[in-house]
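Enquirer: make a model of this:
(2 chains)
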There are 2 protein chains.
Amino acid sequence: MKKEFSLKEIIQTLRKVLPNDKPFIALHEPLFDGNEWTYVKECLDSGWVSSAGEFVERFEKQLIDYTGVKHAVAVVNGTAALHICLQVTGVTIGDEVLIPALTFIATANAVRYCGAIPHFLDSEETSLGLDPYKLEDYLGGISEQRPEGCFNKITGRRIKAVVPMHTFGHPVDMDPLIQLCHKYKLELIEDAAESIGSYYKGQHTGNMGRISISSFNGNKIVTTGGGGAILTNDESLASLARHLTTQAKLPHKWAFKHDMVGYNYRMPNINAALGCAQLEKLPEFIGKKRALALRYQDAFEKVEGVRIFKEASYARSNYWLNILILDEKYAAERDILLELTNGIGIMTRPAWNLMHKLSMYQKCPRMDLSIAESLERRILNIPSSAFL
Amino acid sequence: MKKEFSLKEIIQTLRKVLPNDKPFIALHEPLFDGNEWTYVKECLDSGWVSSAGEFVERFEKQLIDYTGVKHAVAVVNGTAALHICLQVTGVTIGDEVLIPALTFIATANAVRYCGAIPHFLDSEETSLGLDPYKLEDYLGGISEQRPEGCFNKITGRRIKAVVPMHTFGHPVDMDPLIQLCHKYKLELIEDAAESIGSYYKGQHTGNMGRISISSFNGNKIVTTGGGGAILTNDESLASLARHLTTQAKLPHKWAFKHDMVGYNYRMPNINAALGCAQLEKLPEFIGKKRALALRYQDAFEKVEGVRIFKEASYARSNYWLNILILDEKYAAERDILLELTNGIGIMTRPAWNLMHKLSMYQKCPRMDLSIAESLERRILNIPSSAFL
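Expert: Got it, this is the predicted structure:
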């Protein structure tokens, strides 16, 4: 028997999964029930609250242990991390960088910080991330190889890099993308801001590109207040990233000598202290979040016109933010659903406005973006805190 | 009776001022003996550790109350603050920005982040900051006024702004500089990174330019771990700065719409919590630091070949870092003195390498820099923590 589409039913189903003793349920809140206080206090007591402290080193070590990536550089936030990744892989003024249209603004802005131009890619339904097969077809048409790299035949600009973003924690289909990057000589930079604890075929996200980033903003699964990290298996890239993030100051017992235009991007010790405690809890948080995702999936299985996004067959996702996707024919109901849910204290949010629709990026090059446009119309993020 | 120059005497004099029960005395350490832990704990308990939290607003309010500047925007660090100040006052690609050669690298780097070119100025002995009279003579020679502003006749580039930096806390002679900026139509941006608690003719530094910055790095008098602030009396500049530092996101109950290329520069709440407690102690810290400066001045009064830098007649300085200045004829002894003092656990440091001597800034325009070069040879910073 075919059921009817009903906003009321969707809301009732949300209510069934979520606790009913709270007047407001945020989209994502951090949980500080481990060693957070202990470490932050220890940091304050030591007097070392600024960058280059012991907790920064410890935080980097924990990241390395958890992700399996060989080098980590803790920085002020994910945006700063992306900026540095692009710079150390050689992205420069006038280059084009391939990024998904469906992403947070930081991905595009970091490209602009390098004086480069974002070039927008479509997504695929199975990952919400960039579609490597569609990209391959597209590059076959618009690009040509020259001794200096891959060039956009239409704009005449070099296409230097591609930045897959693991949307809401769900890994991009990396294998075909890695092949494509070899074939077209593109740097592969993973924007893993949202995907700590997410795996692609058993590899942690951020471990497959030449370099990658993670984010520890307050809405992430683990937080340092504000924070991010650069991750790479390439020692020379890690070393250059570390240098650039500390104002490119040359080591010396007292002299201030700098040999490049660097940045003040290192993570302060007090933020890293918080992060050390948070990372200890990460496996537990991921377990809880995966359980919540299952509860959502079960609850919505028989609800007409809507589904909860499930990880792809190759993926083990952190389910950072759970995603309710409306069938295309009900897309017009999305804003009403946003109004209704937020009105009753269940925080929901649409996906980001697609990059090419923002005034400062309207003139940037792009492929056909029909899937991303469809997803943008149909996606709602729903409450996903680990303690729900 | 003329005394002889003696490194031994200098070291003995330092020892007389400094506590003799410590194996190591840092150049500047923070002091957390107020409400630091209370506020940081409160912040953790609230769950709001990221930007846009209550402590950020409170910290900004405290800054406004203390400095008398009407608007404050708390950011991740002083470098980020400078970058935004330059951008909101219209500094753009290909402009020149006048900055002292004797400054921390951030002043020059922030200019480069805007795609502009630093143009280096000499210092004066009385303030260690830029010499407004020498600058006036210089601009008279090299610049011309055009409808679009002040232009460098030699390079053909627009000179858009001047950035005085209050060196080690000591205010630049602002009145003649303000006049000069009016005459030459230059934006005046105060780099007050080191001068919280320092006054010029009764006005707090950072309150005289069109916009200014402060820094709360771990080595500053008050710290937020890493942090800075943009200060201005101009509401529209403050509003634009706030917008740019929050990724230029337009306010909306849920939608992600951005209308400019912005930055992830806002200060996290946990850092602001620390800052709120620190600012409460600032008057006490300044009092202690001024007392320490007096003790240094008294102790070194009769020591041959060296003096402790004293605030100019127009200034009331925070004495962030005390400065030992060798007479020019003993400049060659500086490195030996650095070796000896650091060798016995009394941390000392030279001034920064002058900007025009760094490889990436060697080709930038500059005036005669003879005073800055002399100061660079002769300056040592000596331990200056508030608790000494």
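Enquirer: output the helix or strand containing A:I336 as CSV, restricted to C-alpha atoms.
Expert: Using DSSP states H and E, A:I336 maps to helix A:334-343. The C-alpha trace of helix A:334-343 is given here as CSV (Å, rounded to 0.1, in the frame of the first residue of the first chain):
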residue,chain,number,x,y,z
ARG,A,334,11.8,21.7,2.3
ASP,A,335,11.5,25.2,3.5
ILE,A,336,8.2,24.5,5.2
LEU,A,337,9.8,21.6,6.9
LEU,A,338,12.7,23.9,8.0
GLU,A,339,10.2,26.3,9.4
LEU,A,340,8.2,23.7,11.2
THR,A,341,11.1,21.8,12.8
ASN,A,342,13.0,24.9,13.9
GLY,A,343,9.7,26.3,15.1
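Enquirer: so which residue is dead centre in chain A?
Expert: Nearest residue to the geometric centre of chain A (Cα atoms, centre = their mean): A:A193, 2.9 Å.
Enquirer: assign a three-state SS to A:F59, would you?
Expert: helix (DSSP: H, G, I helix; E, B strand; the rest coil).
Enquirer: so the closest residue to it other than its chain neighbours, which state does it fall into?
Expert: Leaving aside its sequence neighbours, A:F59 sits nearest to A:A272 (Cβ to Cβ, 6 or more residues apart in numbering or on different chains; 4.1 Å). In this view, the C-beta of every residue, glycine as well, is placed from N, C-alpha and C. Assigned by three-state DSSP, the conformation of A:A272 is helix.
Enquirer: residue contacts, A:A272?
Expert: Residues in contact with A:A272, defined by Cβ atoms under 8 Å, 6 or more residues apart in numbering or on different chains, are A:G53, A:F55, A:V56, A:R58, A:F59, A:A74, A:T224, A:G227.
Enquirer: burial count for A:P350?
Expert: 18 (other Cβ atoms under 10 Å in any protein chain shown).
Enquirer: just the pLDDT for it.
Expert: With respect to pLDDT, A:P350 has a value of 97.
Enquirer: same question for the one 5 residues further on.
Expert: Here the pLDDT value assigned to A:M355 is 98.
Enquirer: swap in A:P251?
Expert: 91.
Enquirer: once you drop chain neighbours, what's closest to A:P383?
Expert: A:I25 (4.6 Å).
Enquirer: actually, A:T167.
Expert: A:T167 sits nearest to A:L128 (Cβ to Cβ, 6+ apart), 3.9 Å away.
Enquirer: so the one you found, which of the three states?
Expert: coil.
Enquirer: what ranges does the stretch 151-300 of chain A have for its helices?
Expert: Here the stretch 151-300 of chain A has its helices, by DSSP state H, counting those that start in this stretch, at A:174-184, A:235-245, A:269-300.
Enquirer: highest average neighbour count across those?
Expert: helix A:269-300 (a mean of 21; mean count of other Cβ atoms under 10 Å in any protein chain shown).
Enquirer: so which of the helices of the stretch 151-300 of chain A is nearest B:N152?
Expert: B:N152 lies closest, by Cβ to Cβ, to one member of the helices of the stretch 151-300 of chain A: helix A:235-245, at 29.5 Å.
Enquirer: check whether the closest one contacts chain B.
Expert: No. For helix A:235-245, no contact with chain B is found by Cβ under 8 Å from any Cβ of the partner chain; the gap never falls below 10.7 Å.
Enquirer: I'd like the mean pLDDT over that helix, please.
Expert: 98.
Enquirer: need phi/psi at the closest residue to A:L337 other than its chain neighbours.
Expert: Take A:L337 and drop its neighbours on the chain: the residue closest to it by Cβ to Cβ, 6+ apart is A:L7, 5.8 Å away. Main-chain torsions, A:L7, degrees, to the nearest 10: phi -60, psi -40.
Enquirer: how far off centre is stretch A:113-128?
Expert: Remark: stretch A:113-128 is offset 12 Å from the chain centroid, using Cα atoms, centre = their mean, to the nearest Å.
Enquirer: what's the end-to-end length of it?
Expert: For stretch A:113-128, the separation between the terminal residues is 26 Å (Cα to Cα, to the nearest Å).
Enquirer: now do stretch A:102-116
Expert: 19 Å.
Enquirer: can you report how many residues lie near the residue in the stretch 51-200 of chain A that chain B sits nearest to?
Expert: Chain B sits closest to A:T79 of the stretch 51-200 of chain A, with a gap of 3.8 Å, by Cβ to the nearest Cβ. A count of neighbours around A:T79, defined by other Cβ under 10 Å, yields 28.
Enquirer: what residues are up against it?
Expert: For A:T79, the contact set (Cβ under 8 Å, 6+ apart) comprises A:A106, A:N109, A:A110, A:G228, B:Q247, B:Y263, B:N264.
Enquirer: so who does the closest residue to chain B within the stretch 101-250 of chain A touch?
Expert: Proximity to chain B, evaluated over the stretch 101-250 of chain A using Cβ to the nearest Cβ, is greatest for A:G218 at 2.3 Å. Residues in contact with A:G218 (Cβ under 8 Å, 6+ apart) are A:P30, A:G225, A:G226, B:W48, B:V49, B:S50, B:S51, B:P268, B:N269.
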